[in-house]
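Chemist: I'll drop the sequence and a predicted model, then ask my questions.
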Amino acid sequence: MSTASVPLPNWISYGVLPLLNLAVAFFISGLVVWSIGENPFEALKLLIEGALGRGEAIGFTLFYTTSFIFTGLSVAVAFHAGLFNIGSEGQAYVGGLGAALVALALDHYVPWYVTMPFAVIGAALFGAGWAFIPAWLQAKRGSHVVITTIMFNFIAAGLMVYLLVNVFIVPGKMAPETRTFLPGGQLPKLDWLMALFGMKLGPAPFNVSFIIALVMSYLVWLLIWRSKLGYEMRTLGISPSAAAYAGIPYSRTVIIAMLISGGLAGMMALNPVMGASARLQVEFVAGAGFVGIAVSLMGRSHPLGIIFSALLFGILYQGGADLSFEMPNITREMIVVIQGLVILFAGALEYMFRPAMVRIYQQFAGQKSGGK
Amino acid sequence: MTPHPAIELAGIDKSFGAVHANKNINLTVAKGSIHGIIGENGAGKSTLMSILYGFYQADRGEIRIDGKAVTIRDSQTAIASGIGMVHQHFMLVENFTVLENVMLGAEGGQLLAKGVSGARKELKRLEAEYGLDVDPDAVIEELPVGKQQRVEILKALYRGAEILILDEPTGVLTPAEADHLFRILKVLRDQGKTILLITHKLREIMAITDEVSVMRRGEMVATRRTAETTVEELAELMVGRRVLLRVEKGEAQPGKVLLSVKNLTVKDGRGVTMVDNVSFDVREGEILGIAGVAGNGQSELLEAIAGIRKPTSGEILIDGQPVAGLDPAQLRQIGLAHIPEDRHHMGLVLKFEEYENSVLGYHREPRYGRGALLDLDAIRKDAEEKIAKYDIRPPNPRLKTANFSGGNQQKIVVAREIERDPKMLIIGQPTRGVDIGAIEFIHRRIIEMREAQKAVLLVSVELDEIRSLSDRIIVMFAGKVVGEETPDAGEQTLGLMMAGAV
Amino acid sequence: MDYFDIFVSILGSTIRLSIPLIFTALAGLFSERAGIFDIGLEGKMLAAAFAAACLAYVSGNAWIGLLGGIGISIVFSLIHGFASITNRGNQIVSGVALNFIAAGLTVVLAQAWFNQGGRTPSLAGEARFLPIILPGVDVMRDVPIIGPLYANVISGNNILTYLAFAAVPLSWWVLYRTRFGLRLRAVGENPAAVDTAGISVIWLRYRALVVTGFLGGFAGAYLSIAQSAAFINNMSAGKGYIALAALVFAKWKPVPVMFACLLFGFLDAVGNFMQGKPVPGIGEVPVQAFQVMPYVLTCVLLAGFIGIAHPPKAGGVPYVKER
Amino acid sequence: AEIKPALVYGTGGKFDKSFNEAAYNGAEMYKKEFGTEYRDFEPTSDTQGEQAIRNFASKGFSPVIAVSFAWTSAMEKVAAEYPDTKFVIVDSVVELPNVRSVVYNEAEGSYLVGLLAGMASKTGKVGFVGGMDIPLIRKFGCGYAQGAKSVKSDMQVFQNMVGTTGAAWNDPVRAGELTKNQIDQGADVIYAAAGASGLGVLQTAADNKKFSIGVDSNQNHVHPGSVLTSMVKRVDLAVYNAYKDLAEDKFTAGVQSNGIKDGGVVYAVDDNNKALITPEMKAAADKATADIIAGTVKVHDYMTDNKCPL
Ligand SMILES: Nc1ncnc2c1ncn2[C@@H]1O[C@H](COP(=O)(O)OP(=O)(O)OP(=O)(O)O)[C@@H](O)[C@H]1O
Ligand SMILES: Nc1ncnc2c1ncn2[C@@H]1O[C@H](COP(=O)(O)OP(=O)(O)OP(=O)(O)O)[C@@H](O)[C@H]1O
Ligand SMILES: [Mg+2]
Ligand SMILES: [Mg+2]
């Protein structure tokens, strides 16, 4: 009890403790791997090689990272306003519709760099739109945003499939997906960036949306820690009663926070839809919205932390794909397990090691002061 | 052979991190007596009682009940040792009936059916014996606080408590309810029960205790027979120096009416009328005090004026303009500052750094940043100035607000609201949980506001505070204004009004 | 097929689809009334379905499968308790994490053990809970109205169905007529009151979570070894969340919980039935519209358009002793 | 010559007792016969499928077979990147010089089992439960309905889809519930074209003592006596032949369309269902087969115009 209030320096709170939690999550993942009869160290080696071994692998890793930065930011922005947005998945899905509509409309006429800003806006608008109803319900009716956003993930899946199957499908084609965008509707790959480091990107779909993601990270940082709106969101997130006292309008702030969150989730669609497959496909989000939760918790809802934890999950996803390729006994769902363990240890059990850490720290600090 | 004392505490010591809440406490309480414990906020009274009731474990020291050393590990062992406690905040399940609350933890078997009839009988007996009447089937949240407290006492007695601890039991009671409580306590004592009474009200100590102990900064500094001491001596023992009971201030120079409340009615979330057709004016250069027992609508009134709560009907005028529809931000813009009752939940965001709290509510003003962004340098500089001027310690705007003490936290709020140079100031409980030095400082600031011809509306449950600061006093009871008095009105008069007896 | 037959058919379908919801919602009832939010019901159901299928397959006995489902579901509950009671972590985050772990681990293990693409082998005979034909069905069948109802709705369900309906009054009884129930309801409203009454809040909440795990195990087992004959990747398909919505709708009371779950089951059944059939006055409605119906309805319910629900007061807040 | 074959399954998983399992059986058949080891991979998402195909290609595997239309765009990309590698895609068409596209005329196969269903039905009502609602599956349903109605023009055909996302391939509970609905409405033969969800259809039909029809692989053994027959797509042959052709240097690219004529789609008869197919049924099916081959009976392919003329 008494240790709960002892302040720890930031490098422990934001550095050592998350890493410790992460280590435990990985340790348990290793046990799972071991229990199904594979060598966890071998698996780790394969995973890291698969994610970082070659230029192409790094390209894939960064491709996944890009998606996770967007969804991580999405979850984080809502989190700062005290909202747990589990709907990034569905918002990204609907965001893909916005991006695709822009690409389909413009790709015949203009080059990609003209399409891009419109696509960013389109994706963000559609993602935000999908977040609006849960946001409104939370703001005005007090319906818990956790459940409504989960429901909206399901509804998004129904809606998108309906559109793809009945509206966008190319006649005679099997897969429910739009036509392939022309280069005017595609985001170019970042070969040159990789070449700068003397690596070849190969076919990896690492593309311009990575840069958009970095820009968004900066903007989110600016929003949360430097803007008046961000200040209001944080106030509301920590203490709704203080926000009411300060005259920060609850409904408006909740809705704006969710709209920004949904917009960021929607932008995630740029990466797979316009950057990789150049078409809108069913289920293209593939769980990235849920990964965003883990990314945001790992990264302590700070854009810089999010970039690093998105990279971590990028490595996990790419390396995991390669791992399951090399060790067919380990299916890709192993990544979902690791993801769950990270959320458990970095999120729900984040304080588990704090008391022990406080004791160690106090001993250490005590020795130092005792020495003088 | 002389009987053992009911309670003996020897060398009790307890720290919370750096806070040394109880230092080597020794205390002896005779059986069949009422023993008072007094001390300033944070002196360690509640901590000591919590140790006795098994909520906390002492770091050192021994507890003897009836001469036998006991280790009180948890509330269960405390109950088994015959100790009952009535907490400052009632420990009742609000949507349960009285009977269910009394039975909770003493159900008398796996199935409820068996215990219920026994419990009813026992409640009847206790009612007859001690005059503790409550309807066993009433739901707690529908009972007035005085009755809720009786349920707490019944709970303890039902478990066979021989020792009863009451922590600030009268803070929420009207004088009449308090009198009723004291009658009950005397009956209990006469039946041989031992009572430990924590209170801030020296008058109550004098009225019903047999002995009184004084705590200061974690230490037990004195124990006196009540009959052999005086209020003045106790006050001095408590604070460690002579106490100024009145604040120095000049004649009031009231100007034009600045704040006017007309027929205001406010209902709470459940539709219960909390403020009932209240009207009053506050002029420039005067302090209007609102006295009343906590929970009689003062909080809701303040919140309605501050724009946090929507009034159901009636008017609020500032400078003659109706403002009832405005939100707190707009009200700040027209010069209304608000020091809220509850700094932890309203006035401050405890997880923020100090400087972030120093602009809470004013963060949209151009001097703290143009456009959409905040100018952190300007805010920090501003915060540093306030820290210096208000002697906020430690003087570090980057420190987390939760790490300041209560008094200093209150100063952060006061500095923010007063330094804005508002036209009018509304204040709730300005010195609750604040140490004596800070109290004097804050009182001086409030007087200065009045001297600068601001309108000040002060709500406090501390009659002394109201009487020493206000130029006029209105009393609220059950949501209504029951009368207006001058500060010279006798305590008795005000007390009767607060009880709704006028 | 006349309207009455349709009605009977939909009613039968409603019951089959409601059972996992009833078990799960009752499971949630116990943890939420004790003040622990449990968004991890979905994961419990999934994990239990997997364990039940595995054990039923290995042992060839459905009851052993059921025990396995209950066991793993309780383990999940206890982890949730460890995070949210012992370590005072965020209950929603913990629940979400457990959902992920269940979704992933079931497939990883199923693949490693059975190599069937994340499924368990099909079960047959004793390894499943088979429909029970109640006595007198053949005699009753031709009685108008009651006959078809008896034969097609009341009879012909598996034992878990009957247990689900028995669990409703039993839950009510435990909650309102036993000491455990009184304390459980109290701890969800005001844990401090329970603590000062000399009852351990932690132990009480853990016990509530064990009950949650116990009931969650039935839900999972129903999916994999009664309703179908194997565990399939993600077979809970959001039912845990729907059950949660039913719980809110039912204002955390056992009997209304049953009716709320029946309502969701009914919607699902109607949706299935209406698929590909024109709706009078509207024409053919896309299947997706029916499929998203329960989710839309959940949002409508949560929005309080049908009465506002007050959750247990202490729900979601870790208990810290006040000073 | 020695080859280094690889196989990438669809997202339903290797042992779905259906489509993917057929491909697996083909590869196993080749392995047993020629002793050549092969590598296979079960992707669970679209990006992953593409990566797997590319991984195999880059590691020198050839031919790389990808079963499922879901890998169409992946195949287009990867095959262009590795022009010297041979690829095979099943259920879709990729027009590249190093790709063999194997497609089936499921409409014809479904017509045949529809005909059998119509003859086996005592109620005059039959059912179809599809997996994910996509044109390919509607093509199954449409062919089936045509076959059933060829028996009796007022034959009632209930058609349901399990879902609209990939999860629909993996939801036997809902599939079973849809089946039960159809049974309640009077259907007594139900055709499942729903991947792993189909197992729920077969199960429910067996539980209710009705007939079901399996798909892709021969599923007659799943519930002997209840599975009337299976509409088999010889994906196993496609895999086997691709390996064999390359090993014998006879590999050809281009579209390989398999209908009734070439034995690419058949209805399965084995010991498990011999008793269920009466001589009349067999005769009718044989006649229909001949008519289709001769062109006197034209089975409409839903995917040519996204319509079913019924
Ligand atoms: N759980 C705790 N953790 C840390 N510090 C605590 C805790 N409980 C009490 N304290 C500190 O211990 C000291 C004594 O507090 P206590 O509540 O006993 O005072 P008190 O005399 O009852 O005051 P009051 O008159 O305000 O009720 C204070 O400084 C308080 O802040
Ligand atoms: N419950 C607690 N948990 C953690 N720290 C506490 C607690 N109570 C007090 N402190 C810390 O102990 C120190 C001294 O507190 P102090 O007794 O002056 O406050 P206080 O007057 O009791 O405040 P308040 O009455 O407003 O709660 C401060 O740093 C305060 O933040
Ligand atoms: Mg205090
Ligand atoms: Mg106290």
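Modeler: Cool, got the structure. Ligands and ions are numbered 1, 2, ... in the order given.
Chemist: which helix or which strand is home to B:Ser299?
Modeler: helix B:298-305 (DSSP states H and E).
Chemist: that helix near chain A anywhere?
Modeler: No: judged by CB under 8 Å from any CB of the partner chain, helix B:298-305 makes no contact with chain A; its nearest approach is 8.7 Å. Yep, even glycine has a C-beta here, placed from its N, CA and C like the rest.
Chemist: helices or strands up against that helix?
Modeler: Applying 3 or more CB pairs under 8 Å, 6 or more residues apart in numbering or on different chains; DSSP states H and E, one finds that helix B:298-305 contacts strand B:257-267, strand B:273-283, strand B:424-428, strand B:455-459.
Chemist: try 7 Å
Modeler: Applying 3 or more CB pairs under 7 Å, 6 or more residues apart in numbering or on different chains; DSSP states H and E, one finds that helix B:298-305 makes contact with strand B:257-267, strand B:273-283, strand B:424-428.
Chemist: that one: how far from the chain's middle?
Modeler: In terms of CA atoms, centre = their mean, to the nearest Å, the centre of helix B:298-305 is found 17 Å from the chain centre.
Chemist: which parts of that helix are buried?
Modeler: Residues B:Gln298, B:Ser299, B:Glu300, B:Leu301, B:Leu302, B:Glu303, B:Ala304, B:Ile305 are the ones in helix B:298-305 that count as buried (16 or more other CB atoms under 10 Å in any protein chain shown).
Chemist: going by distance to C:Thr120, which of those wins?
Modeler: Set against C:Thr120, the nearest of the buried residues of helix B:298-305 by CB to CB is B:Glu303 (59.2 Å).
Chemist: just checking, that closest one touches B:Arg309?
Modeler: Yes: between B:Glu303 and B:Arg309 there is a contact under CB atoms under 7 Å: 4.0 Å.
Chemist: immediately after the host helix or strand of C:Glu42, which helix or strand?
Modeler: In the assignment (DSSP H and E), C:Glu42 maps to helix C:41-59. Sequence-wise, the next helix or strand downstream of helix C:41-59 (DSSP H and E) is helix C:62-81.
Chemist: show me what that next one is packed against.
Modeler: Here helix C:62-81 touches helix C:41-59, helix C:91-114, helix C:201-221, going by 3+ CB pairs under 7 Å, 6+ apart.
Chemist: lowest average confidence across those, which one?
Modeler: Ranked on mean pLDDT, the bottom entry among the helices and strands packed on helix C:62-81 is helix C:91-114, at a mean of 91.
Chemist: how far off centre is it?
Modeler: Centroid separation for helix C:91-114 versus its chain: 17 Å, with CA atoms, centre = their mean.
Chemist: for the residue lying closest to B:Ala294 once chain neighbours are set aside, give me phi and psi.
Modeler: Once flanking residues are discounted, B:Ala294 sits nearest to B:Val461: 4.9 Å by CB to CB, 6 or more residues apart in numbering or on different chains. Taking degrees, to the nearest 10, you get phi -90, psi -10 for the backbone angles of B:Val461.
Chemist: run a quick neighbour tally on the closest residue in space to D:Ile137 that isn't next to it in sequence.
Modeler: Nearest residue to D:Ile137 in three dimensions, chain neighbours excluded: D:Gly130, at 4.0 Å (CB to CB, 6+ apart). For D:Gly130, the count of nearby residues is 30 (other CB atoms under 10 Å in any protein chain shown).
Chemist: D:Gly130 bridge partners, please.
Modeler: Here D:Gly130 sits in beta bridges with D:Met161, D:Ala193, as judged by DSSP bridges.
Chemist: the residue nearest to B:Ala294 contacts B:Asn296, doesn't it?
Modeler: No: using CB under 7 Å, B:Val461 is not in contact with B:Asn296; the gap is 9.3 Å.
Chemist: so what's the backbone phi/psi at B:Glu315?
Modeler: Residue torsions, per degrees, to the nearest 10, at B:Glu315 are phi -130, psi 150.
Chemist: for it, grab the count of nearby residues.
Modeler: Counted by other CB under 10 Å, the residues lying close to B:Glu315 total 14.
Chemist: which SSE is whatever residue of the stretch 51-200 of chain D ends up closest to chain B in?
Modeler: When scored by CB to the nearest CB, the stretch 51-200 of chain D has D:Val173 as its residue closest to chain B, at 38.7 Å. Here D:Val173, judged by DSSP H and E, is contained in helix D:172-184.
Chemist: how about that helix as CSV, C-alpha atoms only?
Modeler: Coordinates of each C-alpha in helix D:172-184 appear next as CSV, following Å, rounded to 0.1, in the frame of the first residue of the first chain:
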residue,chain,number,x,y,z
PRO,D,172,-20.7,-24.6,-38.6
VAL,D,173,-23.0,-23.5,-35.8
ARG,D,174,-24.8,-21.0,-38.0
ALA,D,175,-24.6,-23.4,-40.9
GLY,D,176,-26.3,-26.0,-38.8
GLU,D,177,-29.0,-23.6,-37.7
LEU,D,178,-29.7,-22.6,-41.3
THR,D,179,-29.9,-26.3,-42.1
LYS,D,180,-32.3,-26.9,-39.3
ASN,D,181,-34.5,-24.1,-40.5
GLN,D,182,-34.6,-25.6,-44.0
ILE,D,183,-35.4,-28.9,-42.5
ASP,D,184,-38.2,-27.4,-40.4
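Chemist: what's the angle between it and helix C:41-59?
Modeler: Calculated by axes from the mean of the first three to the mean of the last three CA atoms, to 10 degrees, helix D:172-184 forms an angle of 80 degrees with helix C:41-59.
Chemist: can helix D:172-184 be said to contact chain C?
Modeler: Yes: interface with chain C: helix D:172-184 contributes D:Pro172, D:Val173, D:Gly176, D:Glu177, D:Leu178, D:Lys180, D:Asn181, D:Asp184 (CB under 7 Å from any CB of the partner chain).
Chemist: which of those residues sits closest to B:Asp471?
Modeler: D:Val173 (75.8 Å).
Chemist: which residues of the stretch 101-250 of chain D fall in helices?
Modeler: D:106-120, D:135-151, D:172-184, D:198-207, D:235-247 (DSSP state H, counting those that start in this stretch).
Chemist: for the closest residue to D:Gly254 other than its chain neighbours, which residues are in contact?
Modeler: Distances taken as CB to CB, 6+ apart place D:Arg100 nearest to D:Gly254, at 6.5 Å, with adjacent residues excluded. Applying CB atoms under 7 Å, 6 or more residues apart in numbering or on different chains to D:Arg100 gives the contacts D:Val88, D:Ala242, D:Thr252, D:Ala253, D:Gly254, D:Gln256.
Chemist: which residues touch the spatially most central residue of chain D?
Modeler: Centrality entry for chain D: nearest residue to the mean C-alpha point is D:Asp216, 3.3 Å, by CA atoms, centre = their mean. For D:Asp216, the contacting residues are D:Ser18, D:Phe19, D:Ala22, D:Val232, D:Lys233, D:Val235, by CB under 7 Å, 6+ apart.
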